[in-house]
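Asks: Output the structure for:
(chains A, B and C)
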Amino acid sequence: MMSGHSIQRRISTRESNSVTLLLIGVALAYLVLFLGLPLFAVFYEAFSKGWALYWASLQEPDAWSAIKLTLIVAAIAVPANLVFGIAAAWAIAKFEFKGKSLLITLIDLPFAVSPVVSGLVYVLLFGAQGWFGPWLQAHDIKLIFAVPGIVLTTVFVTFPFVARELIPLMQAQGKEEEEAAVSLGASGWQAFWRVTLPNIKWGLLYGVILCNARAMGEFGAVSVVSGHIRGMTNTMPLHVEILYNEYNFVAAFAVASLLALLALVTLLVKSLVEWQAKRSGEPLQHGA
Amino acid sequence: MSITIENLSKQFGDHKALDDINLEVNSGELLALLGPSGCGKTTLLRIIGGMEVANSGRLLFHGEDVEQRDARERNVGFVFQHYALFRHMTVFENVAFGIRVKPRKQRPSEAEIKRRVHELLNLVQLDWLHDRYPAQLSGGQRQRIALARALAVEPKILLLDEPFGALDARVRKELRRWLRRLHDELHITSVFVTHDQEEALEVADRVVVMNKGRIEQAGTPDEVYAAPSTPFVYQFIGNVNLFHSRDHAPWSEQHGDAVAYVRPHDIDIGATPQDGNALPVEVKLVRAIGSVVRVEVAVDASSEFIEIELSRERFDAAPLASGDKVFIRPRQFRVFESGEQHELSAA
Amino acid sequence: MSQFRAHSVLPGFNLALGFTLLYLSLIVLIPLSALFVKTAALGWGGFWEVATGDRVLASLRVTFLTSFVAAVLNAFFGLVVAWVLVRYSFPGKRIVDALVDLPFALPTAVAGIVLATLYAPNGWIGHHFAAHDIKVAYTPLGIVVALTFIGLPFVVRTVQPVLADVEAEVEEAAASLGAGRWDVFRRVIFPAIYPALLTGFALAFARAIGEYGSVIFIAGNMPYISEIAPLLIVAKLEQYDYAGATAIAVLMLLISFALLLAINGLQWWSGRRRAR
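Replies: Model (predicted):
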């Protein structure tokens, strides 16, 4: 009996307990060191001088205007990229045409560009020495070092999020359901609203959440075009930088804690969406 | 409503999917498009339904050219191969979809929609599933819901793409009979695509055999089985033995390079030569399958096997065993050579 | 029907594609092309002069070296994390799994200030190193820390699904043929996940090269020593040296594109291997 047992063990496809524990230990230690500890430290530093100071830092007018600007920027960039993502996915997933894979690659392009470079290209276009700079100056329009520039660069860096989530999802779902809808007399809009949209709602939400997190958190690109004017062109991440560089650590981490909270909410909703999508039998198809 | 197809051609890149198709589907008829995969049958169905557009040729419904009409304006019910049920809608909502998307003026009241959907669900005997989602249904149930959904818009023409392709054998047989009955009840002009000859022969009023984008033969199930007009139809429908004229006696003098096609049940076996056309063979295998006995014989001169089917009665009257030396004679056969056809009947 | 696209009964193609191309051109293509036009104005000689300047070369060296080290770290530990998440179950695993994506969700500036605080000589982690006379923050080592954080999810998320796809039967077959656990990993499992691992590595590497926000707080930003290329672009911009900034940007963009191309190739390759 004993020898039979040991053969069984040797053939089984599991590591020994000690190896298992070691691997789990290494993985968790790595994650705690690089993810858990920093996350905890953000909140610890924010509250290190007590609640009162935390609240006071957040109620400062400059902090408030940074929060407002961040919300405004996201409120423009996310819907814009949402509409684009749906249009692009509809064209790419439901139709056959030449140059499709090139188009998909081009849509991913902003992910390959350094945030700083993303900001730079808009400076080159609309800055004082840029292509349209003189014309804009003549008409007294300010894009760079102003809110429109921040919105534009944010749209650029969050450009692919919704599209790259929807394209593989809609490709996997095929177009038979829409064809069935049309053969039953539905118009294109009816087919889209009643058949396509309900089928992609989880993927859509997923893309929007990620797009929003990046839109609110973008730093490098926005920093290049913002001009860092306190109370005017500072988003929350830029405000964090200013406070930190002024050695106002509590205030810096107080604003940072709001952004960290945003990240946690994003992760939570993202997990819920993934779980819901799986449950409803339409798993998300991430492009890597 | 009748369908007329004239000189229809369709090209995908370099591939000729349909090559000069001419076909008439009579009003109220149940027609099968039969052929191997890639023969163009599904393309033809999708062109009739408006899902594809032909490169050339005409398509008429009841004498009226419909080429400029969108799929949604053709009043055609389409049942998709994988059903294409709306996965986020209940069975009820799936069937109601076609009624709900009608322009407001033509849309019936909610009570009327309810009544019609339940009537349709009763017709397909699945009213009890009305609040389920497609994922909760079996394949056969999905198929019937897809049909009910297509019928909800009161189509003049019903098109079905491999309606039973994805089902297991037993359910398939049941649904076949059911579709036939339903058609006899409703009398909608119907066209269905299949690669299964048994399905086509059993269900359809008329069978159109297709191959490589062309129609090989159109006729009643009996016609295409008993009198195939091309070698392809002979081989695609039913079993057949091939006798090459250069190898086998009776045809070698009459014809140059030709092949005779003989059905397994059109061959007589005898202990002595029946006449000058008889071939001496050796029995290799005897196998009783239900009511028929299948005998495999080998011609002495060649290594080819010939398959013969005997009724059990006939076999019992003169039993055979492997190793027996016997003579065979085709009762009925057909010879094809270089495109020309000669029908010969052995005396 | 035009030859450009196959027929479809679904409407909206022209509208959807037209809008897609217009939006893509306005937001992405035209702005990016401005970069190349500006560089062209500089001329080949001017471009070469900027690109091979001492400070530029030094910043590129720092950027690539730290990015590479960070990506290697992530490849190794990311593989361990993916393995643990796919193969083992332990309490809180779902939370850990969700937390892996934190670097995607946490704004880089927040990551930057908190890592700088933690690894500063008086920080929670930094003072342990300081005790051994090792400075992490404000040195290239600090850059590696930030880039490791930023790139952490990539390897985990590319390896995870592939590892989950490795059939238990294949492992059982190898084991029944007498292979030990390590042999099974080395000869059966690793070859299956190798392309995904490489893809994850390349993604983490590419992301690290362009990273800015999380690095500048911890790097110290000393020219020639801990100054990354994106920071140099910003520095040139602040001195109104648009041509110089653009030249470095183009250089980085070309490298990014080459990496993107390599990643696409890798994904195509691994996709083919998985399909088989």
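Asks: Kindly confirm my reading that C:Pro89 is in a helix.
Replies: I think there's a mix-up here, since residue C:89 is Ser and not Pro. No - the assignment for C:Ser89 (DSSP: H, G, I helix; E, B strand; the rest coil) gives coil, which keeps it out of a helix.
Asks: burial count for it?
Replies: A count of nearby residues for C:Ser89, using other CB atoms under 10 Å in any protein chain shown, gives 9. To be clear about C-beta, it is placed using only N, CA and C from the backbone, and glycine gets the same treatment.
Asks: For chain C, which segments count as helices?
Replies: For chain C, helices defined by DSSP state H occupy the ranges C:13-24, C:30-51, C:54-87, C:93-99, C:102-105, C:108-119, C:126-131, C:140-165, C:168-176, C:181-184, C:190-210, C:213-219, C:229-238, C:242-275.
Asks: Tell me which of those approaches chain B most closely.
Replies: Nearest to chain B, of all the helices of chain C, is helix C:13-24, at 13.8 Å by CB to the nearest CB.
Asks: buried stuff in the closest one?
Replies: For helix C:13-24, the buried set under the neighbour-count rule, 16 or more other CB atoms under 10 Å in any protein chain shown, comprises C:Phe13, C:Ala16, C:Leu17, C:Phe19, C:Thr20, C:Leu21, C:Tyr23, C:Leu24.
Asks: Mind checking if that helix is in reach of chain B?
Replies: No - between helix C:13-24 and chain B, judged by CB under 8 Å from any CB of the partner chain, nothing touches; the nearest distance is 13.8 Å.
Asks: Name the residues that touch that helix?
Replies: When contacts are taken as CB atoms under 8 Å, 6 or more residues apart in numbering or on different chains, the neighbours of helix C:13-24 outside the stretch itself are A:83-84, A:87-88, A:90-91, A:94-95, A:97, A:103, A:106-107, C:5.
Asks: just the buried members of these?
Replies: A:Phe84, A:Ala87, A:Ala88, A:Trp90, A:Ala91, A:Lys94, A:Phe95, A:Leu103, A:Leu106, A:Ile107, C:Arg5.
Asks: So the fourth one lies in a helix, does it not?
Replies: Which is A:Trp90. Yes - going by three-state DSSP, the assignment for A:Trp90 places it inside a helix.
Asks: Report the contact partners of A:Ile104.
Replies: With the criterion set at CB under 8 Å, 6+ apart, A:Ile104 makes contact with A:Ile92, A:Ile167.
Asks: Any buried residues in stretch B:314-329, and which?
Replies: Buried positions in stretch B:314-329, judged by neighbour count with 16+ other CB under 10 Å: B:Phe315, B:Leu320, B:Asp324, B:Val326, B:Phe327, B:Ile328, B:Arg329.
Asks: Show me the residues you listed that map onto helices.
Replies: Checking these against DSSP H, those in helices are B:Phe315.
Asks: what about the residue in the stretch 1-150 of chain C positioned nearest to chain A, how many neighbours?
Replies: Checking the stretch 1-150 of chain C residue by residue against chain A with CB to the nearest CB singles out C:Pro107 as nearest, at 2.9 Å. C:Pro107 has 26 neighbouring residues, counting by other CB under 10 Å.
Asks: Now do it against B:Gly28, distance only.
Replies: Here the criterion is CB to CB, to the nearest Å. By it, C:Pro107 lies 69 Å from B:Gly28.
Asks: Ok, B:Gly40 next?
Replies: Separation of B:Gly40 from B:Gly28 (CB to CB): 25 Å.
Asks: More neighbours: these two, which one.
Replies: Applying other CB under 10 Å to B:Gly40 and B:Gly28 shows that B:Gly40 carries more neighbours, namely 24 against 15.
Asks: Sounds good, over and out.
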